[in-house]
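S.K.: take this sequence and fold it.
(one chain, ligands or ions: 3)
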Amino acid sequence: MATVKNALSTRTFSVLATVGNNGNCKRKPPHVLTVAGSDSGAGAGIQADLKACGSLGVYCSSVVTAVTAQNTVGVQGVHPLPEHFVAAQLRSVLSDMEVDVVKTGMLPSIGILRVLCESLKEFPVQALVVDPVMVSTSGDVLAGTSTLDGFRDELLPMADIVTPNLKEAAALLGGLRLETVADMHHAARCIYNLGPKNVLVKGGDLPDTSDAIDIFFDGKQCHEFRVPRIKTRNTHGTGCTLASCIAAELAKGSSMLLAVQEAKRFVEGALLYSRDMVIGSGPQGPFDQLYKFKDQAFTSYRGEHFDPNSLFLYAVTDWRMNKKWGRGIVDAVKAAIDGGATIIQLREKEAKTGDFLGAAEACKKICQSNHVPLLINDRVDIALACDADGVHVGQSDMPVSKVRKLLGPNKIIGVSCKTLEQAERAWVDGADYIGCGGVFPTSTKENNITIGLDGLKALCSASKLPVVAIGGIKKGNAGSVMELGVPNLKGIAVVSALFDQQCVLTETRCLHSLLMDISASTMA
Ligand SMILES: Cc1ncc(COP(=O)(O)OP(=O)(O)O)c(N)n1
Ligand SMILES: Cc1nc(C(=O)O)sc1CCOP(=O)(O)O
Ligand SMILES: [Mg+2]
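M.R.: Residues are numbered from 1 along each chain as shown. Ligands and ions are numbered 1, 2, ... in the order given. Take a look at the predicted model:
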């Protein structure tokens, strides 16, 4: 199984800037066209696609292939549109509107499927995402057997990714039994042989698993995505939403693997937010694809207020060390920033409240003028009083959910985690990043448990949040941490390596340039 390279995630948005007649700069937003059925209940189909793409900041046009009558009980009726009118819609949009990515959902007849293939040949797009909708999550059949042949022989060979659930994967493979994760790996490879460039087999229906497991195969490597299953009745439309999000991320310029990861994060977030929502009386409810607009606090970590790259060189102050070397906290912070620290945490365990606040206010000014975020360790009151950028808490400090309530959606919250359960909780509770350690033994924090490089690696691989490594890290071993190359590991947090030293400026400069060299060589 492959590890995901910790690529710098700056996205190249598909934005075409042109100068209009009046001299104004015009902007072409990333554009997904969904070709799918209408769901009267608005949980799935065209309605889900529009909401998901809109939430991700992508323009979404729509070609309706069928109108369905459905609700939380099931599908009461399907009314396919005439082929010539599906063709007319496709021509209208594709000939005029500079579509980046086409995403397909319900294609209710082989005729409609062929009309789509012809249109795509006439108007090629950057990527084609095929959600081979055949059976709804409620078990209702949405595409006949003739369409199955069309998927296999005509549409899949054109697809950049196909995203079958277990039933659809089984149908595409002639009724193959898919009951285990090993079966899913096998299915992903077999479907790949039908012609798509990438395959995502979704294991949401896999029996006897507490995790939701998906298998992604890009023709070379199989990636296994495992997340704890979210217990909710509101899962109608997950397939449509996932495929739309993949399409939206591709339209924004993501690589396929990152698009899939981001799409999965979006769906998980939406399910979590909507898990207790009650709409309709049937067995399967919709979830809220617009959740990001509803509860800022819930989704704060995805907001604009935090750039995970700021974790690159994270300086954590220590009152005793600064005293030992005869300098004040404000001078120490200034030197760390001048040397290249990308984020500062004031960890002043022994300071009196008044002194701490005074120092925090002075540091805030320096940090602000250097565009470096300032966090406060443990003390939410001090953070509020000095309007710091955020707070770092541990497992025995104030819980993240409470800190979020107090600080609001636009502040940064970091939380220390040593286990995968803690990391999952951090995400659910709305933290922005995880501090993971002790990577090595440290004398700065008493009785700290060392989890080692292996513990760090396991946590980073499972985490949905960016991670900064901490504990005993210094020039001599920083390379071994960053060269792990694990997803989500964004930097190192250090105390004694900067502050238990004669010259904070020199030590910070030195560590910063070492980190730059490492990231240049790992990206090469
Ligand atoms: C970046 C970062 N990671 C971990 C910690 C430790 O926080 P905590 O577990 O609350 O321990 P104390 O720092 O409060 O002793 C941290 N401070 N920063
Ligand atoms: C504050 C802190 N937290 C840790 C954790 O494992 O969560 S280790 C640690 C101390 C880090 O100091 P130094 O860089 O001097 O080893
Ligand atoms: Mg603490």
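
S.K.: what pLDDT, on average, does stretch 157-164 get?
M.R.: Throughout stretch 157-164, pLDDT has a mean value of 98.

S.K.: quick check on the residue of the stretch 101-250 of the chain found nearest ligand 2: phi, psi?
M.R.: Closest contact between the stretch 101-250 of the chain and ligand 2, by CB to the nearest ligand atom, is at Pro228 (23.3 Å). All C-beta atoms are positioned from the backbone trio N, CA, C, and that covers glycine. When read as degrees, to the nearest 10, the backbone of Pro228 gives phi -60, psi 140.

S.K.: I'd assumed Asp211 was in contact with it.
M.R.: Yes - counting by CB atoms under 8 Å, Pro228 does reach Asp211; the two are 5.9 Å apart.

S.K.: contact residues of the stretch 201-350 of the chain facing ligand 2?
M.R.: Within reach of ligand 2 by CB under 6 Å from any ligand atom, the stretch 201-350 of the chain has these residues: Val316.

S.K.: Ala362 belongs to a helix?
M.R.: Yes - judged by DSSP: H, G, I helix; E, B strand; the rest coil, Ala362 forms part of a helix.

S.K.: could you pull up the residues touching it?
M.R.: Taking CB atoms under 8 Å, 6 or more residues apart in numbering, we find Ala362 in contact with Val330.

S.K.: find the helix or strand that Val227 is a member of.
M.R.: Taking DSSP states H and E as the definition, one finds Val227 inside strand 222-228.

S.K.: tell me what that strand is packed against?
M.R.: helix 181-192, strand 211-217, helix 256-274 (3 or more CB pairs under 8 Å, 6 or more residues apart in numbering; DSSP states H and E).

S.K.: mind doing that once more with 6 Å?
M.R.: Where contact means 3 or more CB pairs under 6 Å, 6 or more residues apart in numbering; DSSP states H and E, strand 222-228 is packed against strand 211-217.

S.K.: Gly430 contacts Val403, correct?
M.R.: No - in this structure, Gly430 is not within contact of Val403 by CB atoms under 6 Å, at 8.7 Å.

S.K.: would you mind naming what in the stretch 251-400 of the chain lies close to ligand 1?
M.R.: Contacts of the stretch 251-400 of the chain with ligand 1, taken as CB under 6 Å from any ligand atom, map to Tyr314, Val316, Gln345, Arg347, Asn377, Asp378, His392, Val393, Gly394, Asp397.

S.K.: hmm, 5 Å instead?
M.R.: For the stretch 251-400 of the chain, the residues in contact with ligand 1 (CB under 5 Å from any ligand atom) are His392, Gly394.

S.K.: so what sits against both of Gly430 and Val403?
M.R.: Contact criterion CB atoms under 6 Å, 6 or more residues apart in numbering; residues shared by Gly430 and Val403: none found.

S.K.: returning to what we had before: can you point out the buried residues in the strand holding Val227?
M.R.: Across strand 222-228, burial judged by 16 or more other CB atoms under 10 Å covers Cys222, His223, Phe225, Val227.

S.K.: from Lys418, how far off is Arg425?
M.R.: Look at Arg425 and Lys418: by CB to CB, to the nearest Å, they are 12 Å apart.

S.K.: do Cys60 as well
M.R.: Remark: distance between Cys60 and Lys418 (CB to CB) = 42 Å.

S.K.: for Ala360, same thing?
M.R.: Distance of Ala360 to Lys418, computed by CB to CB: 27 Å.

S.K.: so which of these two has more stuff around it?
M.R.: Comparing Ala360 with Lys418 by neighbour count (other CB atoms under 10 Å), the higher total belongs to Ala360, at 25 against 22.

S.K.: grab the nearest non-local neighbour of that one.
M.R.: Cys386 (4.1 Å; CB to CB, 6 or more residues apart in numbering).

S.K.: residue contacts, that neighbour?
M.R.: Here Cys386 is in contact with Ala360, Glu361, Lys364 (CB under 6 Å, 6+ apart).

S.K.: just His185 next, same as before
M.R.: Contacts for His185 were tallied using CB under 6 Å, 6+ apart; they are Ile215, Cys222.

S.K.: confidence score at it?
M.R.: Looking at His185, its pLDDT reads 97.

S.K.: and the gap between it and Asp214?
M.R.: Look at His185 and Asp214: by CB to CB, they are 11 Å apart.

S.K.: residues shared between the contacts of those two?
M.R.: By CB under 6 Å, 6+ apart, His185 and Asp214 have no common neighbours.

S.K.: give the burial count for the closest residue to Cys363 other than its chain neighbours, as a bare number.
M.R.: Among residues not flanking Cys363 along the chain, Val333 sits closest, at 4.8 Å (CB to CB, 6+ apart). Val333 has 29 neighbours, counted by other CB under 10 Å.

S.K.: next one: the one 3 residues further on
M.R.: Neighbourhood size, Ala336 [other CB under 10 Å]: 30.

S.K.: so it touches Ala315, yeah?
M.R.: Yes - using CB under 6 Å, Ala336 makes contact with Ala315 at a distance of 4.2 Å.

S.K.: for these two, list the residues in contact with both.
M.R.: Leu498.

S.K.: need the contact list for Gly239.
M.R.: Taking CB under 6 Å, 6+ apart, we find Gly239 in contact with Asp131.

S.K.: just the element for it, please.
M.R.: Assigning secondary structure by DSSP H and E places Gly239 in helix 238-251.

S.K.: near ligand 3, which residues of the protein?
M.R.: For the chain, the residues in contact with ligand 3 (CB under 5 Å from the ion) are Asp378, Gly394, Asp397.

S.K.: contacting residues for Leu515?
M.R.: Leu515 makes contact with Leu313, according to CB under 6 Å, 6+ apart.

S.K.: per-residue confidence for it?
M.R.: pLDDT, Leu515: 92.

S.K.: what do you get for Arg327?
M.R.: 95.

S.K.: confirm it sits in a strand?
M.R.: No - going by three-state DSSP, the assignment for Arg327 is coil, not a strand.

S.K.: what about Gly476, neighbour count?
M.R.: Using other CB under 10 Å, Gly476 has 10 other residues around it.

S.K.: Leu375 falls within a strand, correct?
M.R.: Yes - membership of Leu375 in a strand is supported by three-state DSSP.

S.K.: so what's it up against?
M.R.: Gln345, Gly390, His392.

S.K.: just give the nearest non-adjacent residue to Ile376, would you?
M.R.: Leaving aside its chain neighbours, Ile376 sits nearest to Ala383 (4.1 Å; criterion: CB to CB, 6+ apart).

S.K.: isn't the one you found right next to Asn377, touching?
M.R.: No - assessed by CB under 6 Å, Ala383 is found out of contact with Asn377, at 9.4 Å.

S.K.: looking at those two, which one has more neighbours?
M.R.: Neighbours per residue, other CB under 10 Å: of Ala383 and Asn377, the larger number sits with Ala383, 27 against 20.

S.K.: now the more buried one: which helix or strand?
M.R.: Ala383 belongs to helix 380-386, assigned by DSSP H and E.

S.K.: closest to ligand 1 among the residues of the chain next to ligand 3?
M.R.: When the residues of the chain next to ligand 3 are compared for distance to ligand 1 (CB to the nearest ligand atom), Gly394 wins out at 2.1 Å.

S.K.: count of residues packed around the closest one?
M.R.: By other CB under 10 Å, 15 other residues sit near Gly394.

S.K.: wait, doesn't it sit right on Cys417?
M.R.: No - using CB under 6 Å, Gly394 is not in contact with Cys417; the gap is 9.1 Å.

S.K.: ok, back up a step: columns pLDDT on top of the contacts of Cys386, output as TSV?
M.R.: Listed next are those as TSV, based on pLDDT from 0 to 100:
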residue	pLDDT
Ala360	97
Glu361	97
Lys364	96
